[in-house]
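[1] model this:
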Amino acid sequence: MSKFKFTFAKEAEPLRFLPTTAKNFKVIKKITKKIQSPKAGFIDEESLLPGAVEHTEFIGKLELSDHKTTKNHLEFKPLIFQKSLLKFNLRSQGIDLYYTLSHHNRELIATQGANGALVFKAVINDTGSYSFILFKPIDRERSLNLIVNENFNTSLFEMDGAVDLNNVSGWKLRRKALNNQSISELYQKIKTNINEMYQVTFYYRNNQIKETNTPPIDVYWNNEHLVRLDNTSTRAKGYTFSVLSNTEKFSQLRFVCADDASIKNLLSNISVLSRAQSNIPIVLAFALTNIEDMENILEGNFKINITATPSLELNNHLPIDIVLDEKNIYQTIVINDESISNNPFAKINLDSIFEMLNVEKDNRQVQIIQREQDGIPSNFYAIKVSSKDNDFSPITVADLQLSFPGGDAGTAVFFKNVAIDEV
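    Model prediction:
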């Protein structure tokens, strides 16, 4: 575990935070009142993508109307008291963040190491105005799949009638009668945290069987119905949903069907990932000090949420169906270089989005826009949907990143590796 040392430089030198041992820090003499925290600000790391139009800066205002006086000085608390910030041990591009206080403790910056690139900067002044600017992404811990036996102990696309769902660890099979019909429920209890977001992903492989009367499969997260999978399409499709855990200890992912074999043979690559790392709260503490007696008459904090959607790293050739959640958070997709020889590498289905937007098939429009940075084409591509009748402004539903060179070839390299299927 890292230990921390806080040293105070001479006047005009910045106050720095070093990962060593504890020594020498300013002591706050007195706290007489706490100020209510303002509403949290949000900055999405999408704003750091090449050519992004989203803002990387948030500007806020503290309510100090009862404490305005020329004798009061507003500043960030010394780094040793920034406990909400330090507890996360944040990193950027694999490098520990290094914090510096300067400009009479009114500016707090984070860099990649002591002399590295600027990651974020926060500024506060006596009027109560504050700003926060994000310059680099903050690392997220990779989420582990909370599902046990994501393929029911079978290989991908294996049609093995010998697999008994009663004996697959992690899963439980329950049969019951509903409306005079026998149904099967395959479910798994997952340890979750209440009020935390999770990402549910699975593949439905209806094109793997010849029967046309395949019974539908209903998918539930706790008591929320996510989707009905039926045989109206002969395509293999991947589905991704953002869901909320509203239970104390466990959540339940459940597949309901009239036939056990349909669940076993048609579903694969089932995963539940925590999205706790999708939002990183940066909480910065401040104090309002009387400059005559140097007593803190007020303290508080403000919060900036740094958000990012967990990326889908495509390492197989199963198509993914992009589904917007209730917050309209788009999907980030990464195509890895080990599979570029098999083209097109990926197929992205957009029909679920168009259905949600009530756009008829003959009125659908998809735009692929290559993002640029400083006038130079990048390997990032924005996928936008709209209608030919211009019923609404184009909506960015996904950002796709190619992890191999090819930006100079424009959108040609995109369509060489990705097929868009919107109907």
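[2] residue contacts, the residue nearest to residue 193 when sequence neighbours are not counted?
    When the adjacent residues along the chain are set aside, residue 193 lies closest to residue 245, with 6.3 Å between them (Cβ to Cβ, 6 or more residues apart in numbering). All C-beta atoms are positioned from the backbone trio N, CA, C, and that covers glycine. With contacts defined as Cβ atoms under 8 Å, 6 or more residues apart in numbering, residue 245 is in contact with 192-198, 222, 251.
[3] show the pLDDT at residue 245.
    Residue-level confidence at residue 245 comes out at 88, pLDDT.
[4] how about residue 186?
    Here, the pLDDT recorded for residue 186 equals 89.
[5] what element comes up after the helix or strand that contains it heading to the C-terminus?
    Assigning secondary structure by DSSP states H and E places residue 186 in strand 181-191. Using DSSP H and E, the helix or strand that follows strand 181-191 towards the C-terminus is strand 197-205.
[6] list the contacts of that next one.
    Identification of contacts with strand 197-205 by Cβ under 8 Å, 6+ apart yields 143, 146, 157, 192, 217, 219, 221, 226, 229, 236-245, 251, 253, 265-276, 278, 310, 312, 318.
[7] switch to 6 Å and redo it
    If you take Cβ atoms under 6 Å, 6 or more residues apart in numbering as the criterion, strand 197-205 is touched by 229, 236-244, 266-275, 310, 318.
[8] restricted to helices, list the residues you listed.
    Among those, the members found in helices (DSSP state H) are residue 266.
[9] now residue 175: closest residue in space, sequence neighbours ignored.
    Beyond its immediate neighbours in the sequence, the residue positioned closest to residue 175 (Cβ to Cβ, 6+ apart) is residue 184, lying 5.3 Å away.
[10] who's in contact with that neighbour?
    Contacts for residue 184 were tallied using Cβ under 6 Å, 6+ apart; they are 175, 257, 260.
[11] dump the residues you listed to a markdown table, plus distance to residue 374 and secondary structure.
    Converted to a markdown table, the contacts of residue 184 look like this (distance: Cβ to Cβ, whole Å; DSSP: H, G, I helix; E, B strand; the rest coil):
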| residue | distance to residue 374 | secondary structure |
| --- | --- | --- |
| 175 | 61 | strand |
| 257 | 53 | strand |
| 260 | 57 | helix |
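[12] low-confidence regions, the stretch 151-300 of the chain specifically.
    Along the stretch 151-300 of the chain, segments meeting pLDDT under 70 span 153-164, 206-213, 231-236, 277, 291-296.
[13] ok, now with 50
    Using pLDDT under 50 as the threshold, the predicted model of the stretch 151-300 of the chain has low-confidence ranges 155-162.
[14] try the stretch 1-150 of the chain
    Scanning the stretch 1-150 of the chain for pLDDT under 50 picks out the ranges 1-28.
[15] direction included, what does the strand holding residue 186 pair up with?
    Strand 181-191 has the following strand partners under DSSP bridges: strand 172-178 (antiparallel), strand 250-257 (antiparallel).
[16] now, of these, which is deepest in the fold?
    The highest mean neighbour count among those, using mean count of other Cβ atoms under 10 Å, belongs to strand 250-257: a mean of 20.
[17] residues in contact with it?
    Counting by Cβ under 6 Å, 6+ apart, residues outside strand 250-257 touching it are 183-192, 215, 217-220, 222, 245, 263.
[18] buried ones among those?
    Restricting the contacts of strand 250-257 to buried positions leaves 183-186, 188, 190, 192, 215, 217-220, 245, 263, with burial counted as 16 or more other Cβ atoms under 10 Å.
[19] many thanks, we can stop here.
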